[in-house]
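Chemist: This is a predicted model, with the sequence first.
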Amino acid sequence: MVMAANPHHVPARYWHTQADGRVQCDVCPRFCSLHEGQRGLCFVRMRENDAVVLTTYGRSSGFCVDPIEKKPLNHFRPGTPVLSFGTAGCNLACKFCQNWDISKSREIDTLADDASPSAIAEAAVRTGCSSVAFTYNDPTIFIEYAMDVADACHEAGLATVSVTAGFICPEPRREFYRHVDAANVDLKAFTDTFYRKITASELAPVLETIEYLANETDVWVELTTLLIPGLNDSDAEIDAMTTWVVEHAGPQVPMHFTAFHPDYRLRDVEHTPASTLQRARRIAIGNGVRYAYTGNVRDLEGATTRCHGCGTALVVRDGYTIVEWELTDDGRCRACGTACAGRFSGAPGRWGSRRLPVRIGG
């Protein structure tokens with residue numbers, strides 16, 4: 001890739017010049033139209049010299065080794081450590097953002113770590129990780145950097161994980177996910193009203209991303225919905241959402257229902273009760289979702305993977321730690337032989353709940 005004068009500014013993919021002379025970014029359905037020197041809503045994509053550039057190539061808000069279950073991914077290389085990182089900015093404007101200090105940042109100083117794709121892959125290998133995750137903010141907005149990191153990771157024998165809101169246009173979506181092995185898509189709600197008022201985006205492109213990943217790629221997919229009291233936690237909405245997932249993505253796609261805590265611009269909303277998450281899980285299972293989980297609460301049953309054939313507890317988790325394992329090396333129930341959907345290979349890892357900050361340079 002040819003670097004611009006600033007090594008952190010690189011030519012962006014997916015943009016065009018409009019008839020009025022403005023330049024339109026075509027990475028996500030926001031379609032920001034930019035004058036010279038103007039940044040898109042995401043903050044990191046900017047018009048420079050009559051073209052769009054990514055301004056944060058090779059810069060990160062920090063690196064940390066996490067359990068893969070924290071992404072959350074319960075059916076992808078269970079128990080293994082993943083090197084996680086993000087940049088600054090976001091192409092959504094969620095009022096409830098739990099990582100607002102990173103995703104809503106408008107300060108380049110947020111990007112403390114300078115790291116080339118090869119340096120990230122080397123750090124992941126050095127720290128014993130089996131994968132690298134683009135997380136904390138959405139990789140859609142730093143797609144050029146993320147794809148180069150993914151290529152370096154694959155050369156080093158590592159997998160890659162995208163933690164995303166799924167708000168991306170079809171062409172960049174196809175290109176990006178050729179570089180990705182697993183994704184957790186944040187399905188924030190199941191109404192256009194919520195997406196417009198609470199996230200300043202749209203539901204339809206997210207559903208298109210989920211359908212594309214589940215039906216047209218080999219990417220392992222799991223979904224997460226943060227249930228916010230009074231906004232997206234009704235029985236009717238959860239019923240409609242889980243029915244859609246089974247019909248359009250498949251019953252094998254795991255769903256995680258996680259608890260909201262007051263943050264950013266929704267500090268006047270109460271914490272999500274555990275009972276709400278458990279209710280959502282029951283609705284999902286009743287609608288045919290084979291693997292439904294609760295998150296951000298202590299709930300042993302809600303964290304357990306059960307065989308959809310015989311009901312055996314296949315994987316019992318205490319938080320992010322695996323305490324029981326009843327899968328064969330090829331991912332089948334030891335009791336009845338039914339295959340458990342996922343990416344399994346032998347015994348699970350033993351990383352547990354540890355979190356290890358990592359500094360990378362170069």
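Modeler: Cool, the structure landed. Residues are numbered from 1 along each chain as shown.

Chemist: So A146 belongs to a strand, correct?
Modeler: No: the assignment for A146 (DSSP: H, G, I helix; E, B strand; the rest coil) gives helix, which keeps it out of a strand.

Chemist: Am I right that it is in contact with A133?
Modeler: No: A146 is beyond contact range of A133, at 10.3 Å (criterion: C-beta atoms under 8 Å). Just so you know, the C-beta spots here come from the backbone N, C-alpha and C atoms, and that holds for glycine as well.

Chemist: Can you tell me the number of residues neighbouring the closest residue to P254 other than its chain neighbours?
Modeler: Spatially, and ignoring its direct neighbours in sequence, P254 is nearest to Y291 (4.0 Å; C-beta to C-beta, 6 or more residues apart in numbering). By the criterion of other C-beta atoms under 10 Å, Y291 has 24 neighbours.

Chemist: Next up, the contacts around Y291.
Modeler: 74-75, 252-255, 305-306, 308, 341 (C-beta atoms under 8 Å, 6 or more residues apart in numbering).

Chemist: Tell me which two of those residues sit farthest apart.
Modeler: V253 and R306 (15.6 Å; C-beta to C-beta).

Chemist: Look up phi and psi at the residue nearest to P254.
Modeler: Per-residue torsions, Y291: phi -130, psi 100 (degrees, to the nearest 10).

Chemist: can you tell me how far the nearest residue to R39 once chain neighbours are set aside sits from E270?
Modeler: Setting aside the residues directly before and after it, R39 is nearest to M46 in space (C-beta to C-beta, 6+ apart), at 4.5 Å. Between M46 and E270 the computed distance is 39 Å (C-beta to C-beta, to the nearest Å).

Chemist: Of these two, which one has the most company?
Modeler: Comparing M46 with E270 by other C-beta under 10 Å, the one with more neighbours is M46, at 23 against 11.

Chemist: I'd say the more buried one and T55 touch.
Modeler: Yes: using C-beta under 8 Å, M46 is in contact with T55, at 5.3 Å.

Chemist: For the residue nearest to A292 when sequence neighbours are not counted, list the residues it contacts.
Modeler: Of all residues not flanking A292 in the chain, A284 sits nearest, at 3.9 Å (C-beta to C-beta, 6+ apart). Shown in contact with A284 (C-beta under 8 Å, 6+ apart): 238, 242, 245, 255, 257, 292.

Chemist: mind redoing it with 6 Å?
Modeler: A284 is in contact with 242, 255, 292, counting by C-beta atoms under 6 Å, 6 or more residues apart in numbering.

Chemist: same deal with L83?
Modeler: 65, 124, 129, 132.

Chemist: Need the per-residue pLDDT for it.
Modeler: Looking at L83, its pLDDT reads 98.

Chemist: hang on, it is in a helix, isn't it?
Modeler: No: under three-state DSSP, L83 falls outside any helix and is assigned strand.

Chemist: related to what we said a few turns ago, how much space is there between the residue nearest to P254 and D329?
Modeler: According to C-beta to C-beta, Y291 stands 20 Å off from D329.

Chemist: do C340 as well
Modeler: The gap separating C340 from D329 is 12 Å, by C-beta to C-beta.

Chemist: repeat for L277
Modeler: L277 is 32 Å from D329, by C-beta to C-beta.

Chemist: How about G230: what's its closest non-neighbour residue?
Modeler: Excluding the flanking residues, the one nearest G230 by C-beta to C-beta, 6+ apart is V269, at 7.0 Å.

Chemist: The one you found: helix or strand, and which one exactly?
Modeler: Counting by DSSP states H and E, no helix or strand carries V269.

Chemist: For C94, see how far away it is.
Modeler: Distance, V269 to C94, by C-beta to C-beta: 13 Å.

Chemist: show me where pLDDT drops low in the stretch 1-150 of the chain?
Modeler: Scanning the stretch 1-150 of the chain with the threshold set as pLDDT under 70 gives 1-5, 98-113.

Chemist: So which residues of it form strands?
Modeler: Per DSSP state E, counting those that start in this stretch, the stretch 1-150 of the chain carries strands over the ranges 10-11, 15-17, 23-25, 33-34, 45-48, 51-54, 59-60, 62-67, 81-86, 113-114, 131-134.

Chemist: Output those in JSON lines; the columns should cover distance to T225.
Modeler: Shown next, in JSON lines, are the strands of the stretch 1-150 of the chain (distance: least, C-beta to C-beta, whole Å):
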{"stretch": "strand 10-11", "distance to T225": "34"}
{"stretch": "strand 15-17", "distance to T225": "32"}
{"stretch": "strand 23-25", "distance to T225": "28"}
{"stretch": "strand 33-34", "distance to T225": "32"}
{"stretch": "strand 45-48", "distance to T225": "27"}
{"stretch": "strand 51-54", "distance to T225": "29"}
{"stretch": "strand 59-60", "distance to T225": "27"}
{"stretch": "strand 62-67", "distance to T225": "20"}
{"stretch": "strand 81-86", "distance to T225": "20"}
{"stretch": "strand 113-114", "distance to T225": "31"}
{"stretch": "strand 131-134", "distance to T225": "19"}
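
Chemist: just so I know, which of those strands lies nearest E202?
Modeler: Closest among these, using C-beta to C-beta: strand 23-25, at 16.2 Å.

Chemist: show me the biggest strand of the chain in terms of residues.
Modeler: strand 220-227 (DSSP state E).

Chemist: Can you give the contact residues for that strand?
Modeler: Identification of contacts with strand 220-227 by C-beta under 6 Å, 6+ apart yields 73, 76, 182-187, 213-214, 233, 253-258, 260, 272, 276, 343.
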